[in-house]
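Participant: Okay, structure incoming, though there's no sequence with it:
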């Protein structure tokens, strides 16, 4: 664990970041990851297979940011973090049948809060949005939400998706970056 540096300008820079809860539960070593969110790379479109580490990568970034601003040491080799006013998440899905809301409706309601409330100093984590509808509609929603967060809200965003078509944002938007997390089999186990 290391002492983070708090910066006056925006951004989140993590070298060798780890998720301490996941790391504690593993039999083998945790693969540390770097993250560089800043004004010129505000949206990271994260692709990769299930169990490839996309959700852990996003959650460890939020956890490290929270720990840094609480005055704690962080599970990383090095960390620099700028002001973060709020952390928004759209991770996981469940219905609200008693309230008459489907999984898709819950997802869209949560997404609406994010696209309307996030600021340039917000950290946003979006994981697999658009799954609860048809593929084309889900892709359209995911693309519109990602682009709105990038262009209109200008927040720091980690956007995990199985819609590989979203990687085209990086070709058209300067502050969009593509990341790919992968899994491989080694000695009969997923690594």
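Facilitator: Everything's here; your move. In this text the structure is predicted, and so the values were computed from the model without any measurement.
Participant: could you pull out the helices for the protein?
Facilitator: Per DSSP state H, the chain carries helices over the ranges 20-25, 54-70, 103-117, 135-148, 169-172.
Participant: Who are the packing partners of the last one?
Facilitator: Helices and strands in packing contact with helix 169-172 are listed as strand 43-47, helix 135-148, strand 176-180; criterion 3 or more Cβ pairs under 8 Å, 6 or more residues apart in numbering; DSSP states H and E. Yep, even glycine has a C-beta here, placed from its N, CA and C like the rest.
Participant: Among these, show me which one is buried the most.
Facilitator: strand 43-47 (a mean of 23; mean count of other Cβ atoms under 10 Å).
Participant: Neighbouring strands of that strand in the sheet, and parallel or not?
Facilitator: strand 156-160 (parallel), strand 176-180 (parallel) (DSSP bridges).
Participant: Give me the residues contacting the first one.
Facilitator: Put plainly, it is strand 156-160. If you take Cβ atoms under 8 Å, 6 or more residues apart in numbering as the criterion, strand 156-160 is touched by 10-12, 37-38, 42-47, 54-55, 57-58, 61, 84, 122-129, 142, 146, 149-150, 166.
Participant: isn't residue 145 right next to residue 129, touching?
Facilitator: Yes. With contact defined as Cβ atoms under 8 Å, residue 145 and residue 129 form a contacting pair (6.1 Å).
Participant: Tell me the confidence at the residue nearest the centre of the chain?
Facilitator: Nearest to the geometric centre of the chain sits residue 158, at 3.0 Å (Cα atoms, centre = their mean). At residue 158, the pLDDT value in this model is 98.
Participant: gap between it and residue 69?
Facilitator: 17 Å (Cβ to Cβ, to the nearest Å).
Participant: nearest residue to residue 63 other than its sequence neighbours?
Facilitator: Excluding the flanking residues, the one nearest residue 63 by Cβ to Cβ, 6 or more residues apart in numbering is residue 19, at 6.6 Å.
Participant: wait, the one you found sits on residue 61?
Facilitator: No. With contact defined as Cβ under 8 Å, residue 19 does not reach residue 61; the gap is 9.2 Å.
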